[in-house]
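[1] next input, structure requested:
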Amino acid sequence: MQLIKYIGLALILGACSYIGYLISKKYANREKELKEMKSALNIFITKIKYTYEPIPKIFEEISQKIKDNRNVSNIFKVASRNMAECEAGEAWNRSLENVNTNMKSEDINVLKGLSKLLGKVDADGQVREIELVDNFLNKQIEDAEKERAKNERMYRTLGISIGIAITVILI
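    Numbers count the residues shown, from 1 in each chain. Next up, the predicted model:
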């Protein structure tokens, strides 16, 4: 009977620690996704300036190049597919809303700023719009780094502490 009790306590401690780890991981994932998005937008700028390919094809290529981060890759893949049904700006907004990411709503709103002129102006206008969004992303990345530094360790420690507290109470 004692063995079952200790196994249960170990499972509670492990579960609480794991939950703390998962919550802390969201902060690191948000920062990583924002950096990947910045990298993807730089690829987008280069493709617009030098290849003059259509936006859906560029988005499909970007989704293939950044397979390391599935969430960001999916944003571009879904946007590319949506462009068959609607215009580029609307397709971009839909993909940002429908793809599950670790980004906050402020991050999504910054990225939605790209949709205003996407596919509606010449290459130079689109490049300027992407650069503007890129500048806003720099601020979001800076905020994400600060949040990660502040919260990542705290949630890991909190998960372990709560697990230990519950274990001690149940002993």
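[2] just the element for Gly159, please.
    Assigned by DSSP states H and E, Gly159 belongs to helix 123-170.
[3] just how off-centre is that helix within its chain?
    10 Å (C-alpha atoms, centre = their mean, to the nearest Å).
[4] in which helix or strand does the residue nearest the centre of the chain reside?
    Centrality entry for the chain: nearest residue to the mean C-alpha point is Glu33, 3.7 Å, by C-alpha atoms, centre = their mean. Assigned by DSSP H and E, Glu33 falls within helix 2-50.
[5] helices and strands around that helix, which ones?
    helix 55-65, helix 70-82, helix 105-112, helix 123-170 (3 or more C-beta pairs under 8 Å, 6 or more residues apart in numbering; DSSP states H and E). C-beta coordinates here come from the backbone N, C-alpha and C atoms, glycine included.
[6] still on that earlier bit, my guess is the residue nearest to the centre of the chain contacts Asn102. True?
    Yes. With contact defined as C-beta atoms under 8 Å, Glu33 counts as touching Asn102 (5.6 Å).
[7] shared neighbours, those two?
    The contact sets of Glu33 and Asn102 overlap at Asn71 (C-beta atoms under 8 Å, 6 or more residues apart in numbering).
[8] list the residues that contact Leu132.
    Leu132 is in contact with Gly113, counting by C-beta under 8 Å, 6+ apart.
[9] where does Glu85 fall, phi/psi-wise?
    Main-chain torsions, Glu85, degrees, to the nearest 10: phi -100, psi -30.
[10] please name the nearest non-neighbouring residue to it.
    Leaving aside its sequence neighbours, Glu85 sits nearest to Ala91 (C-beta to C-beta, 6 or more residues apart in numbering; 7.4 Å).
[11] show me what contacts that neighbour?
    Applying C-beta under 8 Å, 6+ apart, one finds that Ala91 lies in contact with 79-83, 85.
[12] that older thread, and the helix holding Gly159, what's its mean pLDDT?
    Per-residue pLDDT over helix 123-170 has a mean of 85.
[13] now the angle from it to helix 2-50?
    Orientation of helix 123-170 against helix 2-50 (axes from the mean of the first three to the mean of the last three C-alpha atoms, to 10 degrees) gives an angle of 170 degrees.
[14] next, the angle helix 55-65 makes with helix 123-170.
    Helix 123-170 and helix 55-65 meet at an angle of 40 degrees, taking the same axes, to 10 degrees as the criterion.
[15] ok, back up a step: next, format the helices and strands packed on helix 2-50 as a markdown table and append distance to Lys26.
    Shown next, in a markdown table, are the helices and strands packed on helix 2-50 (distance: least, C-beta to C-beta, whole Å):
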| stretch | distance to Lys26 |
| --- | --- |
| helix 55-65 | 23 |
| helix 70-82 | 12 |
| helix 105-112 | 13 |
| helix 123-170 | 9 |
